[in-house]
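Engineer: Can you look at this prediction? I've put the sequence above it.
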Amino acid sequence: MGNGQSRVRGLAARAGGWSARHRWAAVGIWVLFVVLAMGLGSAAGRVDVGDSDQLKGETSTAARIIEDAGIEEPVGETVLVQAKDEGLTATDQEFRSAVGAVVTAVEKTGEVTDVISPYESDTISKDGRSALVQFDVRGDPDTAGERIEPVLNAVGDVQKDHESLRIEEIGGASMMKTFDDAFGDDFKKAEYSAVPVALGILLIAFGALVAALLPVALAITAIMATMGLMGLVSHLQPMSETANSVMLLVGLAVGVDYCLFYLRREREERAAGRDAQTALRIAAATSGRAIVVSGVTVCVAMAGMLFTGLAEFEAMGLASLMVVAVAMVGSVTVLPALLSLLGERVEKGRVPFLRRRRTGGGGDSRFWSAVLKRVLAKPVLSVVVATGALLAVAAPAVGMKTQNLTLDQEFGDSLPIVQTYNRVNDAFPGGSEPAEVVVKADDINAREVKTALADFRERAISSGASRGPVEIKLHDQQNVAFVYVPLVGGSDQDKASESLDTLRDEVRPATLGEVDGVEAPITGQVAGNKDFNDQLVGSVVPVFAFVVVFAFLVMLLSFRSLTVAVTSIVLNLLSVGAAYGILVAVFQHGWGASLVGAEGVGAIITWLPLFLFVILFGLSTDYHVFVVSRIREARLRGRTTRDAVQHGVVTTAGVVTSAAIIMVAVFGIFGTLSMQSMKQMGVGLAAAVLIDATIIRGVLLPAVMTLLGERNWYLPKWLHRMPDLTHDESPEAVAVAPPTSRDDEGERVPV
């Protein structure tokens, strides 16, 4: 601003200026917003994704029929009775005695119903050495795991009396309890430890307790507000616990990052000799704007999940989008108000043994200055080497195999129930995860319907899709029948999927499909996995296209440079590709898996590649926008492009490094969990952020921008008519704002 009539341009600059002048009002509005959001969300309650909402297709149709009929399927449990040697079979008296003891023991607990002996259901293996006692758990299926312990104890007592047999229980309730006991606290510890880890790194970065607490406080309040908003929004778009965990992860990452960017710039300007109010105005006009651009781009990336058609992904995308928007608004409003209130007190709580950091001219990173000197001296070589390294790391991704992990892949041999799962599948292929045919008819007891059900049972076995036994349960009042079909293939998902296709494409049309008015969608674990995979694969192209195109448009409008927009997309794609390559190398091929406490499981869990793409594309934008904004600012102040690149990268190296360390540490916590899917997510995110903050932003970006020179700022003439969202403010112009100038509302603006 060169005269009293000039106005600070840009939403972030004006918001920061207003907040700094109306400090208590800004803080009060933020606190009120957080409290109201939490209160209203708590009062409204959260609606979670239902079974019928999870997927489209047959799985969803089956869930809808069950919900409409008001049938609450009980959780099924199975007790495997198996001879330890070949000399004992199910026809022997000792075996029969053990089966009878199991039936009596579980019935006495009072927690089960519909106990069926293998001698009634013919659930005896072909070799005669294994048999299954089946029953249902009474009460609410969602809490069955909390009531199954007496049954497990009863089965355990029977095992003690029959040492020549294996007597082991498995089912939905027992698995629920086992996983809750083994891993229930695992997630909570990971979530709770993320905040202390971030705070510890910020203490090292700032050297002062108050300065370190500000980013964490902003992130936590943004997360709290978003939790409340999720309750309100869930009545339109159902949410889930998974969405809540992802929201916490993303909220902590971007909340801390945005505050870190703003706070470091304000401290840098003060260290350069600016007074407190001038430093705040400069931070608002520069870092504040970078936060808005980054926030909008991250929101666009997260919105890509809404195009999957998968309710769980839609919930994660919307929750992540909301927390990013809330954190962005808080960073450009309440943060400048708090900095204005604290003033020099932001340096309170100095940490002993940590030398006070200089963030002015002497604050440039020595390490990155040395790296950048070599990069800028040989930019062509730097581009070739860095690109070649990233492509080499990404190469294994070409052979990526995705699938939903089986129980033994997910948990390895760490849980006894995994061995039980494998033994049941070996003896009764598909028995632990049967296909479920939900048959809806006008009259389920009509002769033609019963005939079709009998034909279906017969053909399911004769077609080779199942070895039986095929069980049929009728619900006369609701005119619904459940047909349980053990699939040939068992835990081998590819073979089980082929058996499912046989049921859907051959057996069903020739039997149940011949009866008018009958619906017979086939669901179950294998069917759900297949439907999920098919829908996810179908959504990859639209999601990728949406994220890339709209991220490109946001960058184009924000920087008014076609070159910057294109390079940002290419560099982000390189970063994501490298993350994919690391995932495949470690978790599919097992290369170096032991270094991260993992093991090669032969596949990447189905949902992860698309999830990582959206999350990483969004988070990578943080660093890119922040660094390029600083480079552009230096260029507008008259520096050459080469000098601007050097200045922008070196002066942002400290904050980018601190932000990256926090993200890598937080994501790395999830890589320590026992579940392979969580390890894959944690390692993938941590590796991508590390690559992005080092090779991409520290080597490839400056080398590419140096080679391009003035072409970095190229914008074709035909694009000059597009909206100008740059709102560039040089620090010098902001710093000399006259003390009596007025803002857009006509208020006096103090300095």
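Structural biologist: It's in.
Engineer: what about the strands in the chain?
Structural biologist: Using DSSP state E, the strands of the chain run over 76-83, 112-116, 130-137, 165-171, 402-403, 435-440, 471-475, 480-485, 522-523, 604-605.
Engineer: what about the last one, average pLDDT?
Structural biologist: Translated: strand 604-605. Computed over strand 604-605, the mean pLDDT rounds to 88.
Engineer: what's next to it, contact-wise?
Structural biologist: 400-405, 583-584, 587-588, 676-677, 680 (CB atoms under 8 Å, 6 or more residues apart in numbering). C-betas here are computed from N, CA, C, even on glycine.
Engineer: hmm, which of the residues you listed are the buried ones?
Structural biologist: Those of the contacts of strand 604-605 that meet the buried threshold are Thr402, Gln403, Asn404, Leu405, Leu583, Val584, Phe587, Gln588, Gln676, Ser677, Gln680, by 16 or more other CB atoms under 10 Å.
Engineer: Please identify the residue most distant from the middle of the protein.
Structural biologist: Taking CA atoms, centre = their mean, the residue of the chain most remote from its mean C-alpha position is Gln93, at 53.0 Å.
Engineer: Quick check: that residue vs Gln493, distance?
Structural biologist: 39 Å (CB to CB, to the nearest Å).
Engineer: What of Val439?
Structural biologist: Taken as CB to CB, the span from Val439 to Gln493 is 25 Å.
Engineer: in the stretch 101-250 of the chain, which spans are helices?
Structural biologist: Ranges of helices in the stretch 101-250 of the chain, per DSSP state H, counting those that start in this stretch, are 118-121, 144-147, 149-161, 172-206, 209-233, 241-271.
Engineer: Least confident of those, on average?
Structural biologist: helix 172-206 has the lowest average pLDDT among the helices of the stretch 101-250 of the chain, namely a mean of 77.
Engineer: That one: which residues count as buried?
Structural biologist: 172-179, 183, 186, 190-191, 194-195, 197-199, 201-203, 205-206.
Engineer: ditto for stretch 244-257
Structural biologist: In stretch 244-257, counting by 16+ other CB under 10 Å, buried: 244-257.
Engineer: can you redo these as CSV with distance to Val470?
Structural biologist: Formatted as CSV, the buried residues of stretch 244-257 follow (distance: CB to CB, whole Å):
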residue, distance to Val470
Asn244, 39
Ser245, 39
Val246, 39
Met247, 43
Leu248, 44
Leu249, 43
Val250, 45
Gly251, 48
Leu252, 49
Ala253, 49
Val254, 51
Gly255, 53
Val256, 55
Asp257, 55
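Engineer: Low-confidence regions, the chain specifically.
Structural biologist: Within the chain, the ranges that satisfy pLDDT under 70 run 1-10, 50-55, 182-189, 191, 353-365, 413-414, 430-432, 490-491, 724-751.
Engineer: And the residue nearest the centre of the chain, how far from Ser174?
Structural biologist: In the chain, the centroid-proximal residue (CA atoms, centre = their mean) is Val246; its distance is 4.7 Å. Here Val246 is placed at a distance of 28 Å from Ser174 (CB to CB).
Engineer: go on, Gly698?
Structural biologist: 51 Å.
Engineer: Could you do Val323 as well?
Structural biologist: 36 Å.
Engineer: Likewise for Val664?
Structural biologist: Distance from Val664 to Ser174, by CB to CB: 37 Å.
Engineer: same deal with Ala212?
Structural biologist: When Ala212 is compared with Ser174 (using CB to CB), they lie 45 Å apart.
Engineer: and if you look at Gly100?
Structural biologist: 21 Å.
Engineer: in terms of contact, does Leu338 touch Val27 like I think?
Structural biologist: Yes - between Leu338 and Val27 there is a contact under CB atoms under 8 Å: 6.6 Å.
Engineer: if you count what's nearby, which of these two comes out ahead?
Structural biologist: Leu338 (23 against 17; other CB atoms under 10 Å).
Engineer: that older thread, among the contacts of strand 604-605, which ones are in helices?
Structural biologist: Leu583, Gln676, Ser677, Gln680 (DSSP state H).
Engineer: Out of those, which comes closest to Phe313?
Structural biologist: Ser677 (14.9 Å; CB to CB).
Engineer: quick one: Thr226 and Ser294, what's the gap?
Structural biologist: On the measure of CB to CB, Thr226 and Ser294 end up 18 Å apart.
Engineer: now do Arg632
Structural biologist: Taking CB to CB, one finds Arg632 at 14 Å from Ser294.
Engineer: what do you get for Glu163?
Structural biologist: 64 Å.
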